[in-house]
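Engineer: here is my input, please return the structure:
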Amino acid sequence: MVAPHYLKRLLVTLALFALSAGGCSTTTRMKYAAVYGSGSRELVVATGSPGELGLVKVIAEKFSQGTNVRVAWRKAGSGKSLQLLHDKQVDAVMVHAPSAEKKAVGKGWAARRTLIGSNEFYIVGPTEDPAGIQTAKTVVEAYRRIARAREKFLSRSDNSGTHMKEMAIWNKAGIVPKGNWYVRTGGFMMPALMRANAEKAYFMTDSSTWVVGRKRTGNLRILFRGDPSLVNVYHALCQPAGRTPGAALAAGFVDFLASQNTQKIIGEYGKDRYGAALYRGARASRQFE
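Structural biologist: Okay, here's the model as predicted:
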């Protein structure tokens, strides 16, 4: 018979071993915002708003149908998504950071850069528009008016595609934004939009997030839109062949995104639920390349 104290020690050891053995799986799952499909082969895709707004779910479920593939979504802005691709932590990305994308392909750690769609950026703000940006002729002028008036402006400040676009505009305006009026949130698009509404602040949101969240943003309205530089073009990129276990699946996923059936999904996504499509497809977006 095993002595009670030895039995207790054995049980504790076995419990710790089981926890350790399962730890990798749990840790891996914790990295994912969601997993679609139940196949034994895994494809890991990183993106921000398309996942947050549900488009990735629809596309991933279609991709997984009739295959032995599950699609794991990593929630990350464009800058972080590209870093994950560089570090071999994901197999494919859906991003909107053209300059960074081209550099990634040029350096050889990203491949098959493919246009998949677009939306646009809006500058939203308090309904009374204290900075007077509604009459601005360009987005640069709108940003200058906000800075001059020192009206609260929320920045994602997270190296996302949105943040990169914002900083490019400040740079064109010749302004280094700082002071109490310039608030760095570090959050994703929808939480930042909701915070802008709560604080009656100016914010640059993508049109897709605005369509989904507009019924909850009674303190805000669109004050500036239409500048050609505010068009927001998305591309898919994947790992070069053999660089990750899922690289071949990723190449197939990029082709799937560009296919006629998937493009129809992208171009119509949101119409039935929100009364307006959240994205343009690649054909309608090509003029903005």
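Engineer: residue 95: what's it in contact with?
Structural biologist: With contact taken as Cβ atoms under 8 Å, 6 or more residues apart in numbering, residue 95 is in contact with 47, 78, 81, 82, 101, 161, 234, 235, 237. Heads up, the C-betas are built off the backbone N, CA and C, glycines and all.
Engineer: I misspoke; the intended subject was residue 72.
Structural biologist: Counting by Cβ under 8 Å, 6+ apart, residue 72 makes contact with 32, 34, 35, 36, 42, 43, 44, 45.
Engineer: over to residue 182?
Structural biologist: By Cβ under 8 Å, 6+ apart, the contact set of residue 182 is 153, 155.
Engineer: run through the helices of the stretch 1-150 of the chain in chain order.
Structural biologist: Per DSSP state H, counting those that start in this stretch, the stretch 1-150 of the chain carries helices over the ranges 4-30, 49-52, 55-64, 78-86, 98-107, 139-149.
Engineer: what residue lies at the spatial centre of the chain?
Structural biologist: In the chain, the residue lying closest to the centroid (Cα atoms, centre = their mean) is residue 48, at 1.5 Å.
Engineer: what ranges in this structure fall below the confidence cut-off?
Structural biologist: 1-30 (pLDDT under 70).
Engineer: do that again at 50, thanks
Structural biologist: Counting by pLDDT under 50, the low-confidence segments of the chain come to 1-2, 4, 6-8, 10-29.
Engineer: what's the domain layout of it?
Structural biologist: Domain assignment for the chain by automatic domain parsing gives 33-118+231-288, 124-229.
Engineer: could I get the contacts of residue 95 as TSV with neighbour count?
Structural biologist: Converted to TSV, the contacts of residue 95 look like this (neighbours: other Cβ atoms under 10 Å):
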residue	neighbour count
47	26
78	29
81	28
82	25
101	23
161	27
234	27
235	27
237	23
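Engineer: now stretch 185-202, how far from the centre of its chain.
Structural biologist: Averaging C-alpha coordinates over stretch 185-202 and over its chain gives two centres that are 15 Å apart (Cα atoms, centre = their mean, to the nearest Å).
Engineer: now do stretch 165-176
Structural biologist: Stretch 165-176 has its C-alpha centroid displaced from the chain centroid by 21 Å (Cα atoms, centre = their mean).
Engineer: could you do stretch 51-71 as well?
Structural biologist: 16 Å.
Engineer: orientation of the longest strand anywhere in the chain relative to helix 98-107 in degrees?
Structural biologist: Using DSSP state E, we find that the single longest strand of the chain is strand 111-126. With axes from the mean of the first three to the mean of the last three Cα atoms, to 10 degrees as the criterion, the two stretches strand 111-126 and helix 98-107 enclose an angle of 160 degrees.
Engineer: tell me the angle strand 111-126 makes with helix 139-149.
Structural biologist: 40 degrees.
Engineer: can I get strand 111-126 in CSV, CA atoms only?
Structural biologist: Output in CSV follows, covering the C-alpha atoms of strand 111-126 (Å, rounded to 0.1, in the frame of the first residue of the first chain):
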residue,chain,number,x,y,z
ALA,A,111,4.6,36.8,-51.0
ARG,A,112,1.6,36.9,-53.3
ARG,A,113,0.5,40.5,-52.4
THR,A,114,-3.1,40.5,-53.8
LEU,A,115,-5.7,43.3,-53.9
ILE,A,116,-8.9,42.1,-52.1
GLY,A,117,-10.9,45.2,-51.5
SER,A,118,-11.2,48.7,-49.9
ASN,A,119,-13.2,51.1,-47.8
GLU,A,120,-12.4,54.7,-46.8
PHE,A,121,-11.6,56.8,-43.8
TYR,A,122,-14.0,59.4,-42.3
ILE,A,123,-13.1,62.1,-39.8
VAL,A,124,-15.9,62.1,-37.3
GLY,A,125,-16.4,64.4,-34.4
PRO,A,126,-18.9,66.2,-32.2
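Engineer: many thanks, I have nothing further to ask.
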